[in-house]
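K.L.:
have a look at this prediction, sequence included:
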Amino acid sequence: MKNLIILEDESERERAMANALSDLEGFKPLFFDNAAQLIEWLKAHLPECTLISLDHDLGRVKPLEGVLVKPGTGWDVVEYLVTQPPTFPVILHSANREAVVGMKTALEKAKWNCRVVTPYPPDLDWVSKDWYRAVRMFLSLRKG
């Protein structure tokens, strides 16, 4: 099973993304809503990743194992990724355009293949259309 890693803090988006990915055989979506937890997971499992999709803004302080913690941002994950050799594509799916520009620039400077998918609320059509199209495009490139 190949891991598709998604940093997303909104449950509606997570459900839409899981639903969009449901027809992909052999791929397992793993969702994280906390940048520090994702980074720790990546440190142990980076070679198991096929693709990662990052939101930037992760909301407010949340309880984690009985302690309130800041969830961090997608930037935190980018800062970790750029210290690693580029091995899989990255999708940036955040409406925070200013942060996305910086994240994309840092990733490209470190030779990571990335693409921006901009959400367009209020609905989640962008997930099944633009975001899923980017996922499929990257997965087809990895097969070839």
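P.N.:
It's in.
K.L.:
pLDDT wise, what is Arg97 at?
P.N.:
Arg97 is assigned 92 on the pLDDT scale.
K.L.:
cool, and the one 3 residues further on?
P.N.:
According to the prediction, Val100 has pLDDT 96.
K.L.:
cool, Arg142 as well?
P.N.:
Reported pLDDT for Arg142: 67.
K.L.:
next one: Val61
P.N.:
Model confidence at Val61, given as pLDDT, is 71.
K.L.:
beta partners of the residue nearest the centre of the chain?
P.N.:
The C-alpha lying nearest the average C-alpha coordinate of the chain belongs to Ser53 (C-alpha atoms, centre = their mean; 1.9 Å). On the basis of DSSP bridges, Ser53 is bridged to Ile6, Ile91.
K.L.:
need the contact list for it.
P.N.:
Each residue near Ser53 by C-beta atoms under 8 Å, 6 or more residues apart in numbering is listed here: Leu4, Ile5, Ile6, Leu7, Glu8, Met17, Val90, Ile91, Leu92, His93, Trp131, Val135. Just so you know, the C-beta spots here come from the backbone N, C-alpha and C atoms, and that holds for glycine as well.
K.L.:
quick check on those residues: which are buried?
P.N.:
Leu4, Ile5, Ile6, Leu7, Glu8, Met17, Val90, Ile91, Leu92, His93, Trp131, Val135 (16 or more other C-beta atoms under 10 Å).
K.L.:
quick one: which of those is nearest Arg115?
P.N.:
Checking the buried ones among the contacts of Ser53 against Arg115 by C-beta to C-beta gives Ile91 as the nearest, at 5.5 Å.
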